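> 3D model of this:
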Amino acid sequence: MTDPSHGFVELADGVWLHTSERGMTTTTVVALDGERCLLVDPAMEPHDLAAVADWLAATDRRVAFGWSTHAHWDHVLWSSRFGRDVPRFATQANVATCSAELPELHGYIDHQCPGHEVELCGLLTPVRAAGLLWPAAWEVAEHRAHAPGHALLWLADRGVLIAGDMVSDIEIPTLDLDQADPLGDYRRALDLIEAYADRAAVFIPGHGRAGDGTELRCRLELDRR
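Okay, the predicted model is just below:
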C-alpha cells in the first residue's frame, strides 16, 4: 500500500520532517503563505528527493526558496521537481565554498550517490540577497563548527531550531580540522545553540531524531563531553 504521507511527519505547526534511511538524513519543509514553502537540505538518495517532490505535489505545496545549512554534499542537493530557478539561500561562506569547489562537488555527489541531477546541486545564493522573501521572524546564526559557513536557522514564529549537522543522537561531533581552532569553534557553536534551548519547542538535527528543548540540552551536554 502506498504511504500517503511519503514519510513526512508534522513536528510543529506548518513544519514537516522527512528522514531518509541512509544516515537518517533530515529534510525539513516549512509552510509560508498559501501554497508556498521553504525546503531545507533535501536529502539523501534520489528516491528520497522524489518522495519529497511527490509529497509536495500531493499536498499542493510549491517551493518558494530553499536553505542549505552548510557546504557538505548531502546538504546542497536539489531536484528539478522543486524548481530549477528556485533560489537556495545559504551563508556567504557556504556559497563561496560550494562555488570554489563546484566541479569536485558534482563529481563527488555522482560517486557517492549516483542518480542525482548534479548540475543543480550546490548552486546557492547568499541569504543577504533574500530581501522580502525572508520572513522577519527567522534568524540565521552562523558559526564555524563542522564546516565553513555552517548556520543555525531559528524559526521564532514556530519555536523550531534547524541545527544542521550538530546535536545529533546518532553521530559524534565532527570537527572541521582545516580550521585554526576546530575544538574552540565547536565549543562556541554549542554555546550558540544553547542560547536557543529555552525557547525551542522543537529542534531538528541534520542526521538523527528531532527533539524538544530538554532533549536539546541533553545532547549539548553529551557533545561537550
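
> which residues in the protein form strands?
8-12, 15-19, 26-31, 36-40, 62-67, 88-90, 125-126, 138-142, 151-155, 160-164, 202-205 (DSSP state E).

> out of those strands, which gets nearest to Gln179?
strand 138-142 (13.7 Å; CB to CB). In short, each C-beta sits where N, CA and C put it, glycine included.

> buried set for that closest one?
138, 140-142 (16 or more other CB atoms under 10 Å).

> what's in contact with stretch 91-105?
With CB atoms under 8 Å, 6 or more residues apart in numbering as the test, stretch 91-105 has contacts from 68, 70-71, 73, 76, 90, 121-128, 140, 142, 147-151.

> please redo it, this time with the cut-off set to 7 Å
68, 70-71, 73, 76, 121-122, 124-127, 140, 142, 148-149, 151 (CB atoms under 7 Å, 6 or more residues apart in numbering).

> Asp185 is nearest to which of the strands of the chain?
Nearest of these (CB to CB): strand 138-142, 11.4 Å.

> next, the angle from that closest one to strand 151-155.
With axes from the mean of the first three to the mean of the last three CA atoms, to 10 degrees applied, the angle from strand 138-142 to strand 151-155 works out at 160 degrees.

> packing partners for strand 138-142?
Helices and strands touching strand 138-142, by 3 or more CB pairs under 7 Å, 6 or more residues apart in numbering; DSSP states H and E, are strand 151-155.

> averaged pLDDT, the strand it packs on. What do you get?
Average pLDDT, strand 151-155: 98.

> what pairs with that strand, parallel or antiparallel?
Sheet partners assigned to strand 151-155 using DSSP bridges are listed as strand 138-142 (antiparallel), strand 160-164 (antiparallel).

> could the C-alpha coordinates of the first one be exported in PDB?
Extracted as PDB, the C-alpha positions of strand 138-142 are listed here (Å, rounded to 0.1, in the frame of the first residue of the first chain):
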ATOM      1  CA  TRP A 138      13.600  34.000  11.100                       C
ATOM      2  CA  GLU A 139      17.200  34.200  12.400                       C
ATOM      3  CA  VAL A 140      20.400  32.900  10.800                       C
ATOM      4  CA  ALA A 141      23.100  32.200  13.400                       C
ATOM      5  CA  GLU A 142      26.400  31.400  11.600                       C
END
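
> could I get the average pLDDT for that strand?
98.

> what of stretch 202-209?
98.

> show me what contacts His116?
46, 77, 109.

> for the residue nearest the centre of the chain, give me its contacts.
Centrality entry for the chain: nearest residue to the mean C-alpha point is Asp41, 3.8 Å, by CA atoms, centre = their mean. Residues near Asp41 by CB under 7 Å, 6+ apart: 26-28, 68-69, 75, 206.

> let's see that with 6 Å instead.
By CB atoms under 6 Å, 6 or more residues apart in numbering, the residues touching Asp41 are 69, 75.
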